[in-house]
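Asker: Could you work out the structure for the sequence below:
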Amino acid sequence: MIRVAVAGAAGRMGRALIDTISVTEGLTLGAAFEHADSPAVGKGAGAGGVVVSDKPADCVDDFDVVIDFTVPAATLALAELCAAANKSMVIGTTGFSAEQLNALRAYGQEVALFISPNMSVGVNVLLQLVERTARMLGDEVDVEVIEAHHRDKVDAPSGTAVRIGEVLAEALNRDLSKHAEYGRQGITGARERSTIGFSTIRGGDIVGEHTVLFAGAGERLEITHRAQSRSNFAQGAVRAVAYVHGKPAGLYSMDDLLR
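Answerer: Numbers count the residues shown, from 1 in each chain. Below is the predicted model:
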């Protein structure tokens, strides 16, 4: 039995993870974490008598793998703890800076870290389709990434949209840091063919939508993924738990899991 801890246990994603763990054979909830100001601290987290804690260091003996869909600073602090305690992590947090990603890579030399900006199997199929389409169409089309999420999402564009941009840039032999266009306003002039455009929508309770637009002369191809609930992300995360548990130190991703 793999004992799983959930960081951000009181949030929407945290609750979906706890529900999924409870019905997944071979997994059990071992610990649940929230920040110190959360009203959930000290209260029960699902079945099994687990109480939400604001002190992960006090719970390191209660879990084998932790799932973290929180914020970069909290994820890095938990990764430091896991590296010291030899605990694996599944990380779905987005919005890391380059410096923070380098810190995660360093922790990945100590323990197994499974990192993916999107745990949905469908989204990762989309990434493969986008790569193949971009290579086939090349510079004959304009490419745009459109993403939509709920009003409370704090980073933009989404980590998944950024990953889509990276896939496009690699397939098209472009430098994303030079060719990304994050929104447009005013007299922008004609679009440069090398641009990889990003448009961000925030509103309501949209779980997550991503569309990649390939616009050519006389035709348009769109590849879209729409998440109807958070259950697909939770299911992908628990698959990642089973995959990463017992793995040697290193960085792992959905590409590794889906091979």
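Asker: how close does the spatially closest residue to G95 that is not a sequence neighbour get to A74?
Answerer: Distances taken as CB to CB, 6 or more residues apart in numbering place D155 nearest to G95, at 3.5 Å, with adjacent residues excluded. Yep, even glycine has a C-beta here, placed from its N, CA and C like the rest. Separation of D155 from A74 (CB to CB, to the nearest Å) stands at 14 Å.
Asker: Likewise for P248?
Answerer: Distance from P248 to A74, counting by CB to CB: 26 Å.
Asker: The two - which one has more neighbours?
Answerer: Between P248 and A74, counted using other CB atoms under 10 Å, A74 has the larger neighbour count: 17 against 6.
Asker: does the more buried one count as helix, strand or coil?
Answerer: Three-state call for A74 (DSSP: H, G, I helix; E, B strand; the rest coil): helix.
Asker: ok, back up a step: next one, pLDDT for the residue nearest to G95 please.
Answerer: pLDDT for D155: 90.
Asker: Also V121?
Answerer: At V121, the model reports a pLDDT of 87.
Asker: Numbering from 54 from now on, please.
Answerer: Will do, 54 is the new start, and the previous item becomes V174.
Asker: That one against A287, yeah?
Answerer: No - with contacts counted by CB atoms under 8 Å, V174 stays clear of A287, the gap being 11.9 Å.
Asker: So which of these two has more stuff around it?
Answerer: The residue with more neighbours, out of V174 and A287, is A287; 26 against 16, by other CB under 10 Å.
Asker: Pull out the buried positions in the helix or strand that one falls within.
Answerer: Using DSSP states H and E, A287 sits within helix 284-297. Going by neighbour count (16 or more other CB atoms under 10 Å), the buried part of helix 284-297 is 285-297.
Asker: from the residues you listed, which single one is nearest D258?
Answerer: F286 (14.7 Å; CB to CB).
Asker: wait, the closest one sits on N171?
Answerer: Yes - F286 is within contact range of N171, at 7.3 Å (criterion: CB under 8 Å).
Asker: Need the residues touching each of the two.
Answerer: Shared contacts of F286 and N171, defined by CB atoms under 8 Å, 6 or more residues apart in numbering, comprise G145.
Asker: Just say helix, strand or coil for the spatially most central residue of the chain.
Answerer: Against the mean C-alpha coordinate of the chain, by CA atoms, centre = their mean, the closest residue is P170 at 2.2 Å. The three-state label given to P170 by three-state DSSP is coil.
Asker: Excluding chain neighbours, what is closest to it?
Answerer: Leaving aside its sequence neighbours, P170 sits nearest to G212 (CB to CB, 6+ apart; 3.1 Å).
Asker: Ok, P92 next?
Answerer: A63 (7.8 Å).
Asker: Pull the number of nearby residues for the one you found.
Answerer: Counted with other CB under 10 Å, A63 comes out at 19.
Asker: contacting residues for it?
Answerer: Contact analysis of A63 by CB under 8 Å, 6+ apart lists 87, 91-93, 98, 105.
Asker: For those, work out which two are farthest apart.
Answerer: Maximum distance among the contacts of A63 (CB to CB): 12.9 Å, for P92 and A98.
Asker: related to what we said a few turns ago, any idea how far V143 is from the residue nearest to G148?
Answerer: 19 Å.
Asker: any chance you could map the strands in this protein?
Answerer: 55-60, 80-86, 105-106, 118-121, 141-144, 165-168, 195-202, 233-235, 249-255, 261-268, 273-280, 303-305 (DSSP state E).
Asker: Name the strands paired with the third one and say parallel or antiparallel.
Answerer: When pairs are called by DSSP bridges, strand 105-106 turns out to pair with strand 80-86 (parallel).
Asker: per-residue confidence at A100?
Answerer: At A100, the model reports a pLDDT of 68.
Asker: Equivalent analysis for the one 3 residues further on, please.
Answerer: In the predicted model, V103 carries a pLDDT score of 94.
Asker: In contact with it, which residues are there?
Answerer: Per CB under 8 Å, 6+ apart, neighbours of V103: 82-85, 97.
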